[in-house]
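Enquirer: the following block contains a protein sequence and its predicted model.
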Amino acid sequence: MNKELKKVLLNDKFLSLIAEKITAGERININEGLKLYKSHNLSALALLANEKRKQINGNFVFFNKNFHIEPTNICIHNCRFCSYHRSINDSDSWDYDISEMMEICKKHYRKDISEIHIVGGVHPDRHLDFYCNLIVEIKKMFPAVHIKAFTAVELDYMISMANLTIKEGLLKLKAAGLNSIPGGGAEIFDSEIRRQICYQKSDANTWLEIHKTAHKLGITSNASILFGHIETYVHRLNHLEHLRNLQDQTHGFNAFIPLKYKKFNNSISETGEVNDIEVLKNFAVSRIFLDNIPHIKSYWPMLGKNLAGFALHFGADDMDGTINDSTKIYSMAGAEEKNPAMTTAEMVNFIKQSGFIPVERDSVYNKLNVFE
Ligand code: V47
Ligand code: SF4
């Protein structure tokens with residue numbers, strides 16, 4: 001345990017115990033996680049989470065060069081927290097065909113882009129073959145790019161509409177060129193909270209089963225949590241425990257992404273948003289609890305750059321990517337970054353200023369470039 005940490009924790013038996021557990025590489029349980037959430041000792045939480053991140057990732061902070069495609073904002077679901085989805089006849093809905101998405105690729109693609117992230121609404125008429133063709137076309141034009149695409153909720157719909165099992169559907173997508181799966185759609189696994197905020201969409205078991213099957217097929221994935229709405233700390237911790245248990249079995253999660261609920265223009269706006277202290281605590285507890293998921297992502301397009309930088313001191317070690325102003329999901333929900341884009345130089349500078357060593361990575365966290 002480092003000296004600074006010892007000094008801060010000297011008079012707090014519980015926090016000292018957690019520090020000892022972290023040093024010994026032991027897990028914390030749900031009760032301990034709950035006590036951490038309830039602690040107001042923010043500096044101790046930062047030091048504890050930082051200790052865990054150092055064990056796993058040293059002083060490195062990762063980023064990649066990527067852009068997003070959002071094929072459609074038309075969605076059969078109506079999640080109450082979502083500011084993005086529209087009905088087919090809404091004037092501000094979109095639904096790109098494959099050639100339009102190839103134009104988006106051409107607009108954003110440069111030699112050094114390593115990943116395309118594809119996530120959108122669950123369009124009633126867009127099925128598995130359409131998305132397989134999309135991936136095939138992208139890979140024809142950019143064979144080396146990593147395609148991280150479709151939340152488990154989108155996959156659930158397209159695979160069941162094709163009358164295939166999860167395994168068969170994922171194998172088809174893999175054969176087309178799908179490389180990994182993003183973390184969205186997880187929200188909060190608790191069935192009562194899900195009933196209240198997103199009752200129509202795939203349930204927790206389906207989300208977990210899709211990721212488990214993907215991992216077994218060699219398709220790695222991310223996991224997320226949507227926090228700061230009507231859930232309690234216990235709901236968050238149960239969510240983390242589901243992920244930790246699955247990761248023990250499969251080791252297929254690359255990163256965990258805490259997504260802060262943004263209130264603009266959706267039907268639970270009256271819930272309000274949690275403040276930055278809650279966001280930082282949530283990063284710290286996630287880092288300490290999820291001892292087996294290697295990376296914690298500070299998703300700057302949604303948090304805003306400043307808060308994303310602070311999160312790096314609360315356990316996060318990954319800034320996602322340069323984005324190139326290609327995503328609208330968060331700006332439509334009121335996120336700080338209206339047109340998220342960072343050049344490599346800006347990203348490197350930002351990470352250095354925050355006190356860490358920037359590393360450009362690929363989508364599975366191989367180090368491509370270390371900016372010492
Ligand atoms: O599941 C929707 C969230 C997610 C709101 O894997 C909202 O690298 C906040 O999958 N306030 C989709 N969040 C995004 C996603 C993602 C994002 C970044 C990185 C990765 C990755 C994946 O967006 C949804 C939902 O939890 N979301 N509405 C809102 N109002
Ligand atoms: Fe559809 Fe996803 Fe929005 Fe839910 S969060 S309404 S599934 S786009």
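Expert: Yep, it's here. Numbers count the residues shown, from 1 in each chain. Ligands and ions are numbered 1, 2, ... in the order given.

Enquirer: please identify the buried residues of the helix or strand encompassing Leu134?
Expert: For Leu134, the host element (DSSP states H and E) is helix 128-141. Buried residues in helix 128-141, counted by 16 or more other C-beta atoms under 10 Å: Leu128, Tyr131, Cys132, Leu134, Ile135, Glu137, Ile138, Lys139. In short, each C-beta sits where N, CA and C put it, glycine included.

Enquirer: so where do the strands sit in this protein?
Expert: Here the chain has its strands, by DSSP state E, at 60-64, 66-69, 115-118, 146-149, 180-181, 220-227, 253-260, 295-296, 318-321, 357-361, 367-370.

Enquirer: does ligand 2 sit close to stretch 199-210?
Expert: Yes: Stretch 199-210 is in contact with ligand 2 by C-beta under 6 Å from any ligand atom, via Lys201.

Enquirer: and that stretch, how far out from the chain's middle?
Expert: 16 Å (C-alpha atoms, centre = their mean, to the nearest Å).

Enquirer: just the CA atoms of it, as PDB, please.
Expert: Only the C-alpha atoms of stretch 199-210 are listed here, as PDB (Å, rounded to 0.1, in the frame of the first residue of the first chain):
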ATOM      1  CA  TYR A 199     -40.000  -2.700 -20.200                       C
ATOM      2  CA  GLN A 200     -40.100  -3.700 -23.900                       C
ATOM      3  CA  LYS A 201     -36.500  -4.400 -24.500                       C
ATOM      4  CA  SER A 202     -34.500  -7.600 -24.100                       C
ATOM      5  CA  ASP A 203     -34.300  -8.700 -20.400                       C
ATOM      6  CA  ALA A 204     -31.100  -9.100 -18.400                       C
ATOM      7  CA  ASN A 205     -30.800 -12.900 -19.000                       C
ATOM      8  CA  THR A 206     -31.000 -12.300 -22.800                       C
ATOM      9  CA  TRP A 207     -28.300  -9.600 -22.600                       C
ATOM     10  CA  LEU A 208     -26.000 -11.800 -20.500                       C
ATOM     11  CA  GLU A 209     -26.700 -14.900 -22.700                       C
ATOM     12  CA  ILE A 210     -25.800 -13.000 -25.900                       C
END
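
Enquirer: now it: mean pLDDT?
Expert: Averaging pLDDT along stretch 199-210 yields 96.

Enquirer: list the buried residues for it?
Expert: Neighbour counts using 16+ other C-beta under 10 Å place Lys201, Ser202, Ala204, Thr206, Trp207, Leu208, Glu209, Ile210 of stretch 199-210 among the buried residues.

Enquirer: pipe those residues into TSV and attach distance to Lys328 per row.
Expert: Putting the buried residues of stretch 199-210 into TSV (distance: C-beta to C-beta, whole Å) gives the following:
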residue	distance to Lys328
Lys201	20
Ser202	23
Ala204	27
Thr206	26
Trp207	23
Leu208	28
Glu209	30
Ile210	25
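
Enquirer: in this structure Ile104 contacts Ser326, no?
Expert: Yes: counting by C-beta atoms under 8 Å, Ser326 is a contact partner of Ile104 at 7.4 Å.

Enquirer: okay, the two: which has more neighbours?
Expert: Using other C-beta atoms under 10 Å as the criterion, Ile104 and Ser326 rank with Ser326 on top: 21 against 17.

Enquirer: got the contact list for the more buried one?
Expert: Neighbouring residues of Ser326 by C-beta atoms under 8 Å, 6 or more residues apart in numbering: Phe67, His68, Ile69, Glu70, Ile104, His108.

Enquirer: redo these as TSV? Include distance to His295 and pLDDT.
Expert: Output for the contacts of Ser326, formatted as TSV (distance: C-beta to C-beta, whole Å; pLDDT from 0 to 100):
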residue	distance to His295	pLDDT
Phe67	20	93
His68	19	93
Ile69	23	95
Glu70	23	95
Ile104	27	94
His108	24	90
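
Enquirer: how far away is the closest residue to Glu278 other than its chain neighbours from His313?
Expert: Take Glu278 and drop its neighbours on the chain: the residue closest to it by C-beta to C-beta, 6 or more residues apart in numbering is Gly228, 6.3 Å away. Using C-beta to C-beta, to the nearest Å, we find Gly228 at a distance of 19 Å from His313.

Enquirer: more neighbours: these two, which one.
Expert: More crowded of Gly228 and His313, by other C-beta under 10 Å: Gly228, with 22 against 19.

Enquirer: wait, the more buried one sits on Lys263?
Expert: No: applying C-beta under 8 Å as the test, Gly228 and Lys263 come out as separate, 9.2 Å apart.

Enquirer: residues shared between the contacts of those two?
Expert: Taking C-beta under 8 Å, 6+ apart as the criterion, Gly228 and Lys263 both touch Glu273.

Enquirer: contact partners for Lys262?
Expert: Ser83, Glu273, Met302, Tyr330, Ala333, Gly334, Ala335.
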